[in-house]
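Undergrad: Quick one: sequence plus predicted model below, questions after.
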Amino acid sequence: MEFKGLTFSSLLRAWDGPLTRDLVLAPGQFGLGKVPARLMPDDATTVVCGFCSTGCGLKVHLKEGAAVNLSADTFYPVNLGMACPKGWEALTPLAAADRATTPLLRNAAGVLEPVSWEDAMEAFCGRFKGILKEHGPESVAWIGTGQICVEELAFLGALGKFGMGLIHGDGNTRQCMATAVAAYKQSFGFDAPPYTYADFEESDVIVLVGSNLCIAHPIMWQRVMRNRRQPEIIVVDPRRTETAMAATQHYALLPKSDLTLFYGLAHLVIANGWVKREYVDAFTGGFEEFAAFVAQFTPERVCEATGLSVVDLERFARCIGEGKRVSFWWTMGVNQGHEATRTAQALINLALMTGNIGRPGTGANSITGQCNAMGSRLFSNTTNLLGGRDFLNATHRAQVAEILEIPVESIPDRNSLAYDQIVDGIESGKVKGLWIVATNTSHSWIHQNSFNELVSKLDFLVVQDMYGSTETALRADLVLPAAGWGEKEGTFINSERRYGLVKRVSKAPGQALSDFNIFRLIAESWGVGKMFREWSSPEAAFCLLKKLSRGQPCDITGIRDYAHIDECGGIQWPWSADEGLAALAGNPVQERRLFEDGAFYHPDSKARFLFEAPRAVPEPVDASYPFVLLTGRGTSSQWHTLTRTGKSDVLRKLAPENVYLEINAQDAERLKIADQSLVRVASRRGSLTATAFVSGTVRPGQVFLPMHYATVNQLTYPSFDPYSRQPSYKACAVLVERLG
Ligand SMILES: Nc1nc2c(c(=O)[nH]1)N[C@H]1C(S)=C(S)[C@@H](COP(=O)(O)OP(=O)(O)OC[C@H]3O[C@@H](n4cnc5c(=O)[nH]c(N)nc54)[C@H](O)[C@@H]3O)O[C@H]1N2
Ligand SMILES: Nc1nc2c(c(=O)[nH]1)N[C@H]1C(S)=C(S)[C@@H](COP(=O)(O)OP(=O)(O)OC[C@H]3O[C@@H](n4cnc5c(=O)[nH]c(N)nc54)[C@H](O)[C@@H]3O)O[C@H]1N2
Ligand code: SF4
Ligand SMILES: [Mo]
């Protein structure tokens, strides 16, 4: 196949060039600009970690521009010299033997065989165009990620929708962050987590809901440990997690009773006169209706629903009501639920009614998961039009068309289907082609057996991944080999809205290309190369993103270029041109939080109190399936589906090799299950064998499975929050029996 101008060989030649470009900074130019030259040899550079959303700075040590080792960056404002095991081992997975090094195409015998990039592009364009021609623009969709760079996410979204003419594209951020997005948009008018990590250190009362921070965000936990105010650390989690053990108070509520609990706490805050009336009157709307609604959540009702005592409730409410700086933090125990959006908003309501927002140590703070979930939220062009805009808004479409110099008709005037609806579309025959980028759906999607059956109904499945061995890649018709973190350049946005830099410190193996270059190649092969001529490099794309952000709450027009991000130790949005100019005159601000002026993003500037009656769980336990199954992260050394962390001997040693089930001693005794013996765990959808771990971490009637093992999502029940369409991974009914 001929490419006009851009060919794989020309890309590979350029790609094979020197590493770490001009981004290896000279001494003194580094980090916060405060680093003494003697501490900063010029053969090192800082790269933001590519695992979790904490966004730690890692100092990569270089020889001739290539990474030889790394350590935690002492001067990066996020982690201040700390890193977790995954960060320390970040380079190891790059050298794994199962890296995809050439495109692979399924041949007539049904076997994936290596092909050239030219043949891969011919198959990609030929097959997808064929499907689109026969079945229309809804028949091909993509599932993206929060684990590639912002520039790459934006390119994928722009190419998919404006270039290839697709309507439907969603991301694995749906599994993870969609609830926080929906909650913030409705409550604040924009998807805007308000905090900065310094708030962990400046809080008097830290309320962690459905978050196992010690395991999932160990360096954020270290920031909590730096708090000198002797804070109350309150954990709300049905399990006695590592974080709960380290807390000062643990409320082990019944699974999925959070909404009732928070309404009950709001009721007590009102009853005790702890509401900050001046704040509520000046900056919020809908409080009176909310106050009338929560009156029915009496302590008796709340105790019955949550399993907590009246003493517990009153103590919890008093901490919130009398605390000077109270911060509320939530993660997947909230986001992955059947009434998740309203639960997140119940936390937002508690912060608003007590005036705990916009001040140091406060906030209603969603903690993100993946390294660039925040980038995906703003720029993946899936649920929002680029830059947090709305596909349904003609003015927004016109703005994007003008900035990108593309015909406005190429921008869809309708929203994409959500992840679960795309999957349903395969079932109904509407979706016939699927392109999966940097996510391992066959492992991580809810009710896995059903998805994996549906995949065989697709006419064409493309998987773009670092490894050809993932559960999803093995099912693909075409595998596109991708470079990973450390082998490419771009930016990630962390949980506190900080842009950090990713650099190319290692060469991708074989013919693997960065996702950015794969998108360039596809654009060219598809015949829309001209539309994307400005997207010539990640940094050029970053300039487009700056333009797209202008005037939006996430304005970053004050960021000069990549080097500026490096010099500042990352930059939090918003950072408008005006703010940039102001900072030049004074001190640049390292830590910034939103809503200090009480102005939210709704047209009337007011935050909204939103609420709704709690609903029953979709799959309650019964005599046949008597246990509630909880799932989540297992250890700080395991990352999701283990495609990366499973490649490190060190990380593997830090976690159990086989899937294990946490079960309470009372239940284990009743079922004659010995510790470390094999058990069968089954739901109405599938079953698996696990090793029993008899422990006090879960209560009788509950069991826990870590999500990292491939069989776990055979059990989960596909139910979704109605507003965010995020899957409810954390509650379904199972039975447990001893084996042998
Ligand atoms: N080591 C490691 N770190 C990670 C990841 C990883 O795979 N490995 N993944 C990253 C990603 S993408 C994400 S999204 C985050 C997730 O970070 P977290 O959300 O902190 O992790 P989880 O273990 O999924 O869920 C947190 C807790 O929710 C609790 N929970 C379950 N049901 C309920 C409930 O009804 N109410 C309440 N209040 N709690 C409940 C679970 O018991 C669990 O302890 O971690 C990020 N960090
Ligand atoms: N039961 C249960 N299931 C869950 C959860 C739970 O709590 N319980 N949590 C959910 C959550 S919050 C999340 S975020 C998901 C995570 O689920 P996934 O997104 O499926 O998990 P990962 O293993 O991170 O998959 C990322 C894939 O991208 C590849 N990859 C890495 N870097 C790159 C790159 O730069 N380019 C390309 N092209 N590929 C790359 C990796 O090899 C891997 O195959 O799981 C969800 N599933
Ligand atoms: S805490 Fe997250 S960002 Fe920091 S080193 Fe560990 S995985 Fe990387
Ligand atoms: Mo996630």
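TA: The structure has been received and is ready for your questions. Ligands and ions are numbered 1, 2, ... in the order given.

Undergrad: So Arg684: helix, strand or coil?
TA: Secondary structure, DSSP: H, G, I helix; E, B strand; the rest coil: Arg684 is coil.

Undergrad: shouldn't it be in contact with Tyr625?
TA: Yes: with contact defined as C-beta atoms under 8 Å, Arg684 counts as touching Tyr625 (6.9 Å). No exception for glycine: its C-beta is placed from N, CA and C like everyone else's.

Undergrad: Neighbour count: the two, which is higher?
TA: Tyr625 (19 against 15; other C-beta atoms under 10 Å).

Undergrad: That one and His338: what is the separation?
TA: Per C-beta to C-beta, to the nearest Å, Tyr625 is found 17 Å from His338.

Undergrad: again with Val280
TA: The gap separating Val280 from His338 is 29 Å, by C-beta to C-beta.

Undergrad: How about Phe391?
TA: Per C-beta to C-beta, Phe391 is found 27 Å from His338.

Undergrad: Tell me which of these two has more neighbours.
TA: Between Phe391 and His338, counted using other C-beta under 10 Å, His338 has the larger neighbour count: 24 against 21.

Undergrad: And what about the more buried one, helix, strand or coil?
TA: Applying three-state DSSP: His338 is coil.

Undergrad: Now do the contacts for it.
TA: Contacts for His338 (C-beta atoms under 8 Å, 6 or more residues apart in numbering) come out as 256, 615, 617-618, 719-721, 728, 731.

Undergrad: which non-adjacent residue is nearest it?
TA: With sequence-adjacent residues excluded and distances taken as C-beta to C-beta, 6 or more residues apart in numbering, His338 is closest to Ser728, at 4.7 Å.

Undergrad: Test my guess that that neighbour contacts Arg615.
TA: No: counting by C-beta under 8 Å, Ser728 does not reach Arg615; the two are 11.3 Å apart.

Undergrad: What is the helix or strand harbouring Gly375 packed up against?
TA: Using DSSP states H and E, Gly375 sits in helix 373-379. Judged by 3 or more C-beta pairs under 8 Å, 6 or more residues apart in numbering; DSSP states H and E, the packing partners of helix 373-379 are helix 150-158, strand 487-493.

Undergrad: swap the cut-off to 6 Å and go again
TA: helix 150-158 (3 or more C-beta pairs under 6 Å, 6 or more residues apart in numbering; DSSP states H and E).

Undergrad: what's downstream of the helix it packs on, the next helix or strand?
TA: Assigned by DSSP H and E, the successor of helix 150-158 is strand 168-171.

Undergrad: where does Ala733 land in three-state SS?
TA: strand.

Undergrad: now swap in Ala583 and tell me
TA: Once three-state DSSP is applied, Ala583 turns out helix.

Undergrad: gap between it and ligand 1?
TA: Using C-beta to the nearest ligand atom, to the nearest Å, Ala583 is found at 31 Å from ligand 1.

Undergrad: tell me, how many neighbours does that residue end up with?
TA: Ala583: 14 neighbours (other C-beta under 10 Å).

Undergrad: Quick check: pLDDT value at it.
TA: For Ala583, the pLDDT comes out at 73.

Undergrad: Next, see if stretch 318-333 gets close to ligand 4.
TA: No: judged by C-beta under 5 Å from the ion, stretch 318-333 makes no contact with ligand 4; its nearest approach is 6.7 Å.

Undergrad: Could you pull out the buried residues of that stretch?
TA: Under the neighbour-count criterion of 16 or more other C-beta atoms under 10 Å, stretch 318-333 has 319-321, 323, 325-333 buried.

Undergrad: Which two of those have the greatest separation?
TA: The span of those, defined through C-beta to C-beta, is set by Gly321 and Met332 at 27.3 Å.

Undergrad: Which pair of the contacts of His338 spans the longest distance?
TA: Lys256 and Phe720 (13.8 Å).

Undergrad: which of the two has more neighbours?
TA: Relative neighbour count places Lys256 above the other of Lys256 and Phe720, with 27 against 22, counting by other C-beta under 10 Å.

Undergrad: For ligand 3, see how far away the more buried one is.
TA: 28 Å.

Undergrad: go on, Pro114?
TA: 33 Å.

Undergrad: list the contacts for the closest residue in space to that residue that isn't next to it in sequence?
TA: Excluding its sequence neighbours, the residue lying closest to Pro114 (C-beta to C-beta, 6+ apart) is Thr102, at 4.2 Å. Residues near Thr102 by C-beta atoms under 6 Å, 6 or more residues apart in numbering: 114, 510-511.

Undergrad: ok, now with 7 Å
TA: 114, 481, 510-511 (C-beta atoms under 7 Å, 6 or more residues apart in numbering).

Undergrad: if I look at it, how far off is ligand 3?
TA: Using C-beta to the nearest ligand atom, Thr102 is found at 30 Å from ligand 3.

Undergrad: same thing with Met82?
TA: 8 Å.

Undergrad: mind checking the SS state of that residue?
TA: Strictly by three-state DSSP, Met82 counts as coil.

Undergrad: dump the residue contacts of it.
TA: Here Met82 is in contact with 72, 219, 222 (C-beta under 7 Å, 6+ apart).

Undergrad: Mind checking which of the residues you listed are buried?
TA: Listed as buried from the contacts of Met82 are 72, 219, 222; burial here means 16+ other C-beta under 10 Å.

Undergrad: can you pick the most crowded of the contacts of Thr102?
TA: Highest count within the contacts of Thr102 by other C-beta under 10 Å belongs to Pro481, 26 neighbours.

Undergrad: so where is the stretch 551-700 of the chain shaky, pLDDT-wise?
TA: 584-589 (pLDDT under 70).

Undergrad: again with the chain
TA: Checking the chain against pLDDT under 70 turns up 1-42, 584-589.
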